[in-house]
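# fold the following, please.
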Amino acid sequence: MELAAVQGLEGVTIGALAETLRMSKSGLIGRFGSKLELQLAVLQRAVDMFRTAVYDPAARQPAGRRRLEAILDNWIKYLARPPFPGGCFLTTASVEFDARPGPLNDAVKDTMNSWLSVLEREATTAIQNGELPNGSDPQDVAFTLNALAVGANCHYQLHHDHRALDRTRHAMASVLIPR
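Numbering: from 1, shown residues only. As a prediction, the model looks like this:
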């Protein structure tokens, strides 16, 4: 995970990991099978860590706006104290593989589509509960919230400016304000 956070998923190879861990390449191949399987395992671990930090605690809240607000709060906290150098691993992977077709692109795309579906589902519930205006588009809400978090991650990592996270928190809240 640390290697991928610094060098990207493409930098995660059996050889590089074997050298870092002082293991034999054959020992790692036996565990992962191939470079691709290793990279997919690293991506899945990052997804699990994100879900544990951002979604799982929020899932205790009632579905809809309260859960969505808890997700956003956890997300900002995650961006403020990411488990890896470089910030949000999923943002980094999205940028790294957005123009590279293949299995890793597909896996990152599936991951991000699943996350957007979570946000969209909560926005839909909030609309149905009357917590967001009836005219709100759940896909727009999900897209906007995700775009704000991606932008916050990039700005915060590049400039180390905590105000970016405060601005993002404010901008996310404004997305949830009934118009």
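# show me what the lengthiest helix in the chain is packed up against.
In the chain, with assignment by DSSP state H, the single longest helix is helix 103-128. Identification of packing neighbours for helix 103-128 by 3 or more CB pairs under 8 Å, 6 or more residues apart in numbering; DSSP states H and E yields helix 35-50, helix 65-80, helix 89-97, helix 138-159. Placement of C-beta: from N, CA and C, glycine included.
# which SSE is immediately downstream of the strand or helix carrying A4?
In the assignment (DSSP states H and E), A4 maps to helix 2-7. Next helix or strand after helix 2-7 toward the C-terminus (DSSP H and E): helix 14-21.
# give the other helices and strands that that next one contacts.
Going by 3+ CB pairs under 8 Å, 6+ apart, helix 14-21 lies up against helix 2-7, helix 25-32, helix 35-50.
# and the gap between the closest residue to F89 other than its chain neighbours and S136?
Excluding the flanking residues, the one nearest F89 by CB to CB, 6 or more residues apart in numbering is A46, at 4.0 Å. Using CB to CB, to the nearest Å, A46 is found at 30 Å from S136.
# over to V150?
V150 is 21 Å from S136, by CB to CB.
# before we move on, what about D73?
Distance from D73 to S136, by CB to CB: 20 Å.
# and A70, by the same measure?
19 Å.
# on that earlier part again, between A46 and S136, which one's more packed in?
Between A46 and S136, counted using other CB atoms under 10 Å, the more crowded position is A46 (22 against 18).
# the more buried one against S94, yeah?
No - using CB atoms under 8 Å, A46 is not in contact with S94, being 11.3 Å away.
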